[in-house]
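Asker: Model the structure of this input:
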Amino acid sequence: MTVITQRIARAAGLAAHLGRALGRIGTDALIGRARALPRTVADLDAAAMSSVIGRAVTSVSVLDGDAGTSSRARLALTGDGVPESVFVKMAAETVGTRLMGELGNLAETETRFYRELSPELTTGVPLSYGSAFDPYTGRYILVLEDLAGGDCEFPDTLHPIDADRAALVVELLATVHATFWGRLPARGHAGPLGWLYSASGDSASLLTAPLLRTSARRLAERTPLPVHRGGFIDDNYRAIASLVDRPPHTVMHGDAHPGNLYFRDGRAGLLDWQAVRRGHPGRELAYTLVTSMTTEDRRRSERDLLDVYRRALAASGGPELDGDQLWDRYRQGAMYPYVATLITAGMGGMQDDGIALKGLERSLHALDDLDTVALLEKSL
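Answerer: Predicted coordinates:
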């Protein structure tokens, strides 16, 4: 395939992607209220919850809720054999946020993950009681166990994890990666895992480079952070993303930052499986360790943590990865936390500003001390 043909194919893919997103939003505006799926938390009465979880619910009451890329709520239930409380995710309230979610294919990805992949994972994943997704409107409902109602701890970027907890996280990632290692099709959409695509293979990634440049410009005007350090990545994003995403691939969580972690009974867990992708573990490991730990703790322990990961991967049935090769893939993969945190901080509205900027600060430090830009320049 020639370069021009590749560009035409990518543009056509992006157009189809945008068309699907806008089509679902438009369909929902026209006939969404006539569809059977509940639209808001207020619609989740006993009959609706009974239908989704397949158990007889007799009453529903809202404990609390919030909103982000989705509408979220904790519900108290009564009924025959139902949990006392559950955590529910539904489509976002605003059209703009829903469109952003459609561009990331968040709802369809997460409901499909819990339906098809999570049953193979025996630890580190919230229990799903049921889900539903409407392919015509993009609306969905996902009913999970209520972790907040139990004995769980939830870190975030402003409350980083230490090396011991980071070891628990990389062991969990190794278990996830090993479970699906060697099962992805080499190309195309063949087989039960053929629906998974890499971050660089996403047609919406054509929008990433413009978002990076816009975010860098905005942040340069209002923060002292040296965002220019990632300029080479901004200008060469597609080539770099393809380099970082070269095989071997496995199934990745795709968004394992500290806000999506939890700890319970001495074990790590992962929330928000809405950005599940295929890719090389170096990308995921870099994203997780760079954003979840202080820069000082990461620098001291990252080589040891990669060794913990390699041992856990092999012990879980995955391959025995070469340590030096994984180290280089990890260093290259540090472009990913930079990209994610720069766009999050620069575009705003997805996280608290303090959390977003702290993540970007750590990512910029990682570009420096891992010499990521120079390695990427050499590798292209």
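Asker: Report pLDDT for the residue nearest the centre of the chain.
Answerer: Most central in the chain under CA atoms, centre = their mean is Asp255, positioned 2.8 Å from the mean C-alpha point. Reading off the confidence values, Asp255 has pLDDT 95.
Asker: Does it touch Ala275 like I think?
Answerer: Yes - if you go by CB atoms under 8 Å, Asp255 and Ala275 touch, sitting 4.0 Å apart. Using the backbone N, CA and C atoms, a C-beta is placed for each residue, glycine as well.
Asker: where along the stretch 151-300 of the chain do the helices fall?
Answerer: For the stretch 151-300 of the chain, helices defined by DSSP state H, counting those that start in this stretch occupy the ranges 163-180, 208-222, 231-235, 237-244, 281-292, 295-315.
Asker: Show the residue spans covered by the strands in the protein.
Answerer: Using DSSP state E, the strands of the chain run over 57-67, 70-79, 85-91, 128-133, 140-145, 250-252, 261-264, 267-270, 277-279.
Asker: closest one to Gly317 among those strands?
Answerer: Nearest to Gly317 among those is strand 250-252 (11.5 Å), distances taken as CB to CB.
Asker: The closest one - what's its average pLDDT?
Answerer: pLDDT averaged over strand 250-252 gives 97.
Asker: Check what contacts that strand and list those residues.
Answerer: By CB atoms under 8 Å, 6 or more residues apart in numbering, the residues outside strand 250-252 that reach it are 117, 176-182, 184, 193, 196, 276-281, 283-284, 318.
Asker: returning to that earlier point: the strands of the chain into CSV, with extra columns for mean neighbour count?
Answerer: What follows is those, written out as CSV (neighbours: other CB atoms under 10 Å):
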stretch, mean neighbour count
strand 57-67, 14
strand 70-79, 19
strand 85-91, 24
strand 128-133, 19
strand 140-145, 23
strand 250-252, 24
strand 261-264, 18
strand 267-270, 19
strand 277-279, 24
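Asker: closest one to Leu172 among the ones you listed?
Answerer: Closest approach to Leu172 among the strands of the chain (CB to CB): strand 267-270, 4.6 Å.
Asker: Other residues contacting that closest one?
Answerer: Identification of contacts with strand 267-270 by CB under 8 Å, 6+ apart yields 123-126, 147, 152, 165, 168-169, 171-172, 176, 253, 256, 260-263.
Asker: from those, which would you call buried?
Answerer: 124-126, 147, 165, 168-169, 171-172, 176, 253, 256, 260-263 (16 or more other CB atoms under 10 Å).
Asker: which residue sits closest to Ser50, ignoring its sequence neighbours?
Answerer: In this structure, Ser50 finds its nearest non-sequential neighbour in Val57, 4.5 Å apart by CB to CB, 6 or more residues apart in numbering.
Asker: Also Gly101?
Answerer: Closest residue in space to Gly101, ignoring its immediate chain neighbours: Thr69 at 5.4 Å, by CB to CB, 6+ apart.
Asker: Repeat that for Val227.
Answerer: Ala216 (4.7 Å).
Asker: That neighbour and Asp66: what is the separation?
Answerer: 30 Å (CB to CB, to the nearest Å).
Asker: next one: Pro38
Answerer: Counting by CB to CB, the gap from Pro38 to Asp66 is 18 Å.
Asker: re the thing from before, count the residues that sit near the residue nearest to Gly101.
Answerer: The number of residues packed near Thr69 is 20, by other CB atoms under 10 Å.
Asker: okay, it: pLDDT?
Answerer: 74.
Asker: isn't it right up against Glu102?
Answerer: No - Thr69 is beyond contact range of Glu102, at 10.7 Å (criterion: CB under 8 Å).
Asker: need the contact list for Asp245.
Answerer: Shown in contact with Asp245 (CB under 8 Å, 6+ apart): 198-201, 279-280, 283.
Asker: if we can go back for a sec, got the contact list for the residue nearest to the centre of the chain?
Answerer: Counting by CB under 8 Å, 6+ apart, the residues that Asp255 touches are 272, 274-275, 287, 340.
Asker: 6 Å - rerun?
Answerer: For Asp255, the contacting residues are Ala275, by CB atoms under 6 Å, 6 or more residues apart in numbering.
Asker: Could you check how far it is from Asp265?
Answerer: 24 Å.
Asker: do Gly188 as well
Answerer: Per CB to CB, Gly188 is found 41 Å from Asp265.
Asker: and what of Leu357?
Answerer: Leu357 is 33 Å from Asp265, where distance means CB to CB.
Asker: Compare these two (neighbour count), which wins?
Answerer: Leu357 (20 against 8).
Asker: Skipping adjacent residues, who's closest to Pro38 in space?
Answerer: Ala48 (4.8 Å).
Asker: again, but for Leu380
Answerer: The shortest distance from Leu380 to any residue other than its chain neighbours is 5.8 Å, reached at Ala239 (CB to CB, 6+ apart).
Asker: Neighbours of the one you found, how many?
Answerer: Neighbourhood size, Ala239 [other CB under 10 Å]: 13.
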